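Novice: Based on what follows, work out the 3D shape:
(chains A and B)
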Amino acid sequence: MVQINFSLKEVNCKIVYYGPGLSGKTTNLEVVHQKAPGPSVGDLTSIATEGDRTLFFDFLPLNLGQVAGMKTKFQIYTVPGQVYYNSTRKLVLQGADGVVFVADSKRGKMDENIESLKNLGENLKEHGLDISNTPIVLQYNKRDLPDVYSIEEMEQALNSWNAPYFEAVARDGHGVFPTLKRLAGLVLETLNENHAPRRSPSVVAPKGSGGGSTAATAVATRPTETLNATATSSTGKSTTRVRTTVSAVRTSAQAPTVRTRTSGIRPTLITSPRRRKRQTGMWMGFIVASIVAATVLLHLAGIIKIWS
Amino acid sequence: MVTDSDHLRNQRIVFYSEDIERIDAILCEFLKLSGSKCNLLIDKEGHMVTSCGDTDSIDEQSVAALVAGSYAATREMAKLLGEDEFSVLFHQGKRDSIQLSMVGDRTILATVFDDQTTVGMVRLYARTACEQMEEVFEEIARKPKRSGALDAEFGSSAKGALDFFFTE
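Specialist: Okay, the predicted model is just below:
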């Protein structure tokens, strides 16, 4: 559950990556750890078996930065996917504010996906939550494999409540950020609805939004169809392909629009006190070393005399 | 009828500065009396609430997550043995040790200490500190819930932060 700490000026949210064994949950976290801006991501902690299978959970703290004066942090967890670790999965799921369900697209894995999703529903229910009312994003992973289910098949089997979904190849980093961004948006949107004064409905993250310096945004009522939109970045140097979900029934007013993100004031990224201290120490060391070196040089040049 | 969103909303924990100040005072007093190195107050989901003492050498967030995980796992063990939960856990190291004590039903007090003090001292004063903090939490629970705790700009600001952070 979300913790709002006005003393530390912090908002803490818990996100859990769920899914069958070997579907790519830990890989997702590793990619986030590698790609997220340095000062805003903490150490990746894994409680794993010797065979590198998750035993209890993986944990990654992520600092989103200042949001309306509050340091907004996500604690991201993965669960062990193997069937017999259900008791630990249940523990990790406790207090989750949002769930990414990572499904394996490889043909033959559908039964495991369905069983894991059913298990997620049951475990959420034990914590007093309904899967259809909890912020959840589906990720169809391993799309690069040669023999995969089609998106329609995945949707039909897994997404009965029309949750947002993303295709991904987590091993290569594709689709990892858009999935997390969408879920983080849903979590903050829920938080905003419940805790901010009601003024106007503000959408935290666009439906089916992608990452990148440009974003293709589609006004959608029901994400049932996948659309590839190509957007050119403001510099014109690179082209970003953005995958977004739009409604199958679309009016002209609801047509997808490609929008370039305006360069507003960027939110400050949080640096941990320990890192700040380390950086200050490095600078102090550098200054002291410079003074010593300059003194020695002046002495050698005969301008000043330190020792005879 | 209580809906799921109501359930979620009621479950959310909000700590206000005045409450944390009172908790900090209890923690710092406990730190002095017990001779421990630092105290961390962690909620059951693994979020840090507040801390006192020398925490520079500790990655607080990771410790908080592991403490919550460890506590949850031990509680399940207790249930299998017919106990509700084990209210105190103790991990002994060569240099530093850590004691975990349940405070109320939602937070855990993690006390890190070395050979400058003893387990007995920590346990003795931890009990008093936990009781004092439980009283504070009961008072917090009795207070009427404030609405509109976050800034009105939170939604739009969050959108900007997400766009910035997830730029690939």
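
Novice: Can you show me the strands along chain B?
Specialist: Remark: strands assigned in chain B by DSSP state E are B:13-15, B:38-43, B:48-53, B:88-91, B:97-103, B:107-113.

Novice: can you pull the contacts of the closest residue to B:T55 other than its chain neighbours?
Specialist: Closest residue to B:T55 apart from its sequence neighbours, by CB to CB, 6 or more residues apart in numbering or on different chains: B:C38 at 4.9 Å. C-betas here are computed from N, CA, C, even on glycine. B:C38 sits next to B:31, B:51-55, B:58, B:111-112 when contact means CB atoms under 8 Å, 6 or more residues apart in numbering or on different chains.

Novice: Can I get those residues in JSON lines including distance to A:I287 and neighbour count?
Specialist: Shown next, in JSON lines, are those (distance: CB to CB, whole Å; neighbours: other CB atoms under 10 Å in any protein chain shown):
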{"residue": "B:L31", "distance to A:I287": "35", "neighbour count": "20"}
{"residue": "B:S51", "distance to A:I287": "31", "neighbour count": "20"}
{"residue": "B:C52", "distance to A:I287": "33", "neighbour count": "20"}
{"residue": "B:G53", "distance to A:I287": "30", "neighbour count": "19"}
{"residue": "B:D54", "distance to A:I287": "26", "neighbour count": "12"}
{"residue": "B:T55", "distance to A:I287": "27", "neighbour count": "18"}
{"residue": "B:I58", "distance to A:I287": "28", "neighbour count": "19"}
{"residue": "B:T111", "distance to A:I287": "38", "neighbour count": "26"}
{"residue": "B:V112", "distance to A:I287": "34", "neighbour count": "22"}
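
Novice: Looking at those residues, spot the one nearest B:E85.
Specialist: Closest to B:E85 out of those is B:T111 (17.9 Å), distances taken as CB to CB.

Novice: Confirm for me that the closest one is in contact with B:Q99.
Specialist: Yes: between B:T111 and B:Q99 there is a contact under CB atoms under 8 Å: 4.7 Å.

Novice: Give me the common contacts of these two.
Specialist: Counting by CB under 8 Å, 6+ apart, the common neighbours of B:T111 and B:Q99 are B:122, B:126.

Novice: all helices in chain B, in order from the N-terminus.
Specialist: B:4-11, B:17-34, B:60-80, B:119-142, B:154-165 (DSSP state H).

Novice: quick check, distance from the longest one to the centre of its chain.
Specialist: For helix B:119-142, the gap between its own C-alpha mean and the chain's C-alpha mean amounts to 12 Å (CA atoms, centre = their mean, to the nearest Å).

Novice: Restricting to C-alpha, output that helix in CSV.
Specialist: Output of helix B:119-142 as CSV, limited to C-alpha atoms (Å, rounded to 0.1, in the frame of the first residue of the first chain):
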residue,chain,number,x,y,z
VAL,B,119,21.1,-8.1,23.8
GLY,B,120,19.5,-7.8,27.2
MET,B,121,19.8,-4.1,27.3
VAL,B,122,18.4,-3.7,23.7
ARG,B,123,15.5,-6.1,24.5
LEU,B,124,14.7,-4.4,27.8
TYR,B,125,14.5,-0.8,26.4
ALA,B,126,13.0,-2.0,23.0
ARG,B,127,10.0,-3.3,24.9
THR,B,128,9.4,0.2,26.5
ALA,B,129,10.0,2.0,23.2
CYS,B,130,7.6,-0.3,21.3
GLU,B,131,4.9,0.3,23.9
GLN,B,132,5.3,4.1,23.6
MET,B,133,5.2,4.0,19.8
GLU,B,134,2.1,1.8,19.9
GLU,B,135,0.4,4.5,21.9
VAL,B,136,1.4,7.1,19.3
PHE,B,137,0.0,4.8,16.5
GLU,B,138,-3.2,4.3,18.4
GLU,B,139,-3.6,8.1,18.7
ILE,B,140,-2.8,8.5,15.0
ALA,B,141,-5.5,5.9,14.2
ARG,B,142,-8.0,7.8,16.3
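
Novice: List the beta-bridge partners for the spatially most central residue of chain B.
Specialist: Nearest residue to the geometric centre of chain B (CA atoms, centre = their mean): B:I42, 1.7 Å. Under DSSP bridges, the beta-bridge partners of B:I42 are B:M48, B:I108.

Novice: Show the contacting residues for it.
Specialist: B:I42 neighbours (CB under 8 Å, 6+ apart): B:48-49, B:64, B:67-68, B:107-110.

Novice: Deepest in the core, which of the helices of chain B is it.
Specialist: helix B:154-165 (a mean of 23; mean count of other CB atoms under 10 Å in any protein chain shown).

Novice: anything in it near chain A?
Specialist: Yes: between helix B:154-165 and chain A, judged by CB under 8 Å from any CB of the partner chain, the touching residues are B:154-165.

Novice: Just put those in a markdown table and tack on pLDDT.
Specialist: Converted to a markdown table, the residues of helix B:154-165 next to chain A look like this (pLDDT from 0 to 100):
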| residue | pLDDT |
| --- | --- |
| B:F154 | 87 |
| B:G155 | 84 |
| B:S156 | 85 |
| B:S157 | 88 |
| B:A158 | 90 |
| B:K159 | 89 |
| B:G160 | 89 |
| B:A161 | 90 |
| B:L162 | 92 |
| B:D163 | 90 |
| B:F164 | 87 |
| B:F165 | 89 |
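
Novice: what about the stretch 51-200 of chain A, any weak spots by pLDDT?
Specialist: Flagging of the stretch 51-200 of chain A using pLDDT under 70 yields the residue ranges A:197-200.

Novice: Would you confirm that A:P39 belongs to a helix?
Specialist: Yes: if the criterion is DSSP: H, G, I helix; E, B strand; the rest coil, then A:P39 is within a helix.
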